[in-house]
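> here's my sequence, what's the structure:
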Amino acid sequence: MRCSIYSRITKIIIFGKFLKHEIDKKKIVTKNISYILLIALVFYSCTKKKEIALVFLDEYIVKDSLAIENSFIGGLSGIDYSNGFFYFVVDDSEKPRFLRAEIDIKQDKINSVNFKNVVYLNDTTTSFYNENILDLESIFIDKETEEVNFVSEGSILKGKKPSVFTTDSLGNFLRSYVLPNYFIPNTIPKLKHNGIFEGSSKGVNGKGFWVAMESPLIVDGDEPSFKKTSSPIRITYFDKKSKKAIKQFAYQLEHITKPSQGKINLNGLTSILEYKENHFFIIERTYQSGYGNYGNAIKIFDAYIDETTTNILEVESLKETDFTSLRKRLIFDFEEVRDQLTKGIVDNIEGVTFGPKLANGNQSLILVSDDNFQLYGKQLNQIILLEIEK
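Numbering: from 1, shown residues only. Below is the predicted model of the structure:
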């Protein structure tokens with residue numbers, strides 16, 4: 001229910017007059033008390049802010065072995081939507097690339113996904129690609145310039161740092177961003193292999209963007225486990241003008257609740273999307289071996305920064321510092337829609353973006369899973385359609 005300030009004032013006046021009249025008459029009876037409670041409830045419904053919610057609409061499975069320009073569709077680790085096209089980053093460090101596609105959405109259903117072309121990052125005019133291992137995990141497009149931005153995990157085992165960089169629409173290198181020192185491998189073990197930069201999001205103010213880690217730095221906290229621990233990951237804001245990180249905040253990962261059936265039990269952030277200034281959709285993925293195709297547990301949280309959240313950009317170790325992390329609440333659990341998914345499988349969801357507006361005017365969300373090119377067994381190239389309800 002939506003109420004203007006004038007309607008709220010009117011209700012207060014009516015309520016006050018009614019109450020005074022009844023008190024003066026000294027005839028407040030059970031019936032009149034019910035009226036009072038009813039009016040109070042109407043007033044409360046006008047003033048209470050409705051929380052944002054996500055609703056499942058549809059699932060689309062990209063066929064196995066589908067190829068475009070001699071490139072198999074797989075390893076889809078990030079997604080963005082810009083100027084009518086969807087962009088997917090491919091998690092393949094040997095042949096880093098991205099795909100451009102059209103997704104047809106009608107009547108709250110995904111009718112088709114049409115991959116248009118593939119772009120390889122093979123620029124020979126710069127040494128950046130040769131000097132870095134491009135383990136690409138996320139992508140976002142500048143709507144005005146059509147420049148393409150990436151985050152890469154690098155390879156900590158090989159001493160190669162993660163990176164944040166920009167290319168043109170043809171994959172030619174343009175620029176990279178300066179990282180804080182604690183993101184650069186050296187003789188002091190701070191970084192976990194395959195646990196560094198994972199998600200990114202355009203800033204809604206247009207002046208910068210956010211980059212989020214998958215796991216905590218070794219000097220910051222513990223990996224999530226079956227008991228509640230301090231497991232903060234860093235979410236960093238980069239300024240486009242200075243090409244540097246200018247602020248950073250901590251986000252606490254959830255502990256693992258599903259019983260262990262194998263040796264691998266982990267939870268981490270896989271994607272982030274700023275939906276209004278300092279407010280985010282954050283995807284956490286728990287993966288556990290021993291469950292076959294049912295080892296993933298995917299949850300989406302609504303998290304936000306307020307005046308109490310600590311800027312930790314200059315903090316070298318969170319284990320040695322008092323800080324306040326982002327506030328968060330669970331808004332979507334894929335367990336609740338498992339029976340609406342192919343064979344009940346919740347796969348490796350690693351990307352999220354805004355899609356087009358739906359027929360009812362609400363905003364859509366598109367999510368994508370990374371099938372790891374089927375290297376670890378049967379997985380799905382899963383594309384999910386959600387609706388944002390306000």
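
> for the rest of this, base every contact and every neighbour count on C-alpha atoms.
OK.

> list the contacts of stretch 197-215.
78, 137-140, 151-153, 162, 192, 195-196, 223, 231-241, 267-277, 351 (Cα atoms under 8 Å, 6 or more residues apart in numbering).

> same deal with stretch 97-117?
By Cα under 8 Å, 6+ apart, stretch 97-117 touches 57-60, 62, 68-69, 84-91, 118-121, 171, 358-359, 385.

> pLDDT at the nearest residue to Ser364 once chain neighbours are set aside, what is it?
Closest residue to Ser364 apart from its sequence neighbours, by Cα to Cα, 6 or more residues apart in numbering: Glu387 at 4.6 Å. If you check Glu387, the pLDDT there is 98.

> surely Glu387 touches Gln363?
Yes: Glu387 is within contact range of Gln363, at 6.1 Å (criterion: Cα atoms under 8 Å).

> between the two, tell me which one has more neighbours.
Applying other Cα atoms under 10 Å to Glu387 and Gln363 shows that Glu387 carries more neighbours, namely 21 against 16.

> from Ser325, how far out is the more buried one?
Noted for Glu387: a distance of 27 Å to Ser325, by Cα to Cα, to the nearest Å.

> A strand includes Gly199, no?
Yes: Gly199 forms part of a strand when assessed by DSSP: H, G, I helix; E, B strand; the rest coil.

> bridged to it, which residues?
Beta bridges link Gly199 to Ala212 when assigned by DSSP bridges.

> please pick the buried ones from the contacts of stretch 97-117.
57-60, 86-91, 118-119, 121, 171, 358, 385 (16 or more other Cα atoms under 10 Å).

> OK, contacts around Asn311?
Asn311 touches Lys247, Gln248, Phe249, counting by Cα under 8 Å, 6+ apart.

> now do the contacts for the first one.
Lys247 sits next to Thr236, Tyr237, Phe238, Asn311, Ile312, Leu313 when contact means Cα under 8 Å, 6+ apart.

> work out for me the element it sits within.
strand 244-252 (DSSP states H and E).

> buried stuff in that strand?
So strand 244-252, judged by 16+ other Cα under 10 Å, has buried residues Lys244, Ala245, Lys247, Gln248, Phe249, Ala250, Tyr251, Gln252.

> give me the nearest residue to the residue most central in space within the chain, chain neighbours excluded.
With distances taken as Cα atoms, centre = their mean, Ile272 lies nearest the centre of the chain, 2.3 Å away. The shortest distance from Ile272 to any non-neighbouring residue, by Cα to Cα, 6+ apart, is to Ile282 (4.6 Å).

> count of neighbours near the one you found?
24.

> surely Glu146 forms part of a helix?
No: counting by three-state DSSP, Glu146 is not part of a helix but coil.

> and the closest residue to it other than its chain neighbours, which of the three is it?
Ranked by Cα to Cα, 6+ apart and with sequence neighbours excluded, the top spatial neighbour of Glu146 is Ser169, at 6.3 Å. Recorded secondary structure, Ser169: coil (three-state DSSP).

> I figured Ser169 hits Glu147, correct?
Yes: using Cα under 8 Å, Ser169 is in contact with Glu147, at 5.7 Å.

> who's more crowded, these two?
Set Ser169 next to Glu147 and count neighbours by other Cα under 10 Å: Glu147 wins out with 18 against 15.

> from Asp91, how far out is the more buried one?
The gap separating Glu147 from Asp91 is 19 Å, by Cα to Cα.

> what do you get for Val346?
19 Å.

> same check, this time on Lys160
16 Å.

> show me which positions of stretch 145-163 end up buried.
147-156, 160-163.

> run through the bridge partners of the residue nearest to Ile298 when sequence neighbours are not counted.
Excluding the flanking residues, the one nearest Ile298 by Cα to Cα, 6+ apart is Arg285, at 4.7 Å. For Arg285, the beta-bridge partners are Gly268, Ile298 (DSSP bridges).

> let me see the contact set for Leu365.
Per Cα under 8 Å, 6+ apart, neighbours of Leu365: Val352, Thr353, Phe354, Gly355, Leu385, Leu386, Glu387, Ile388.
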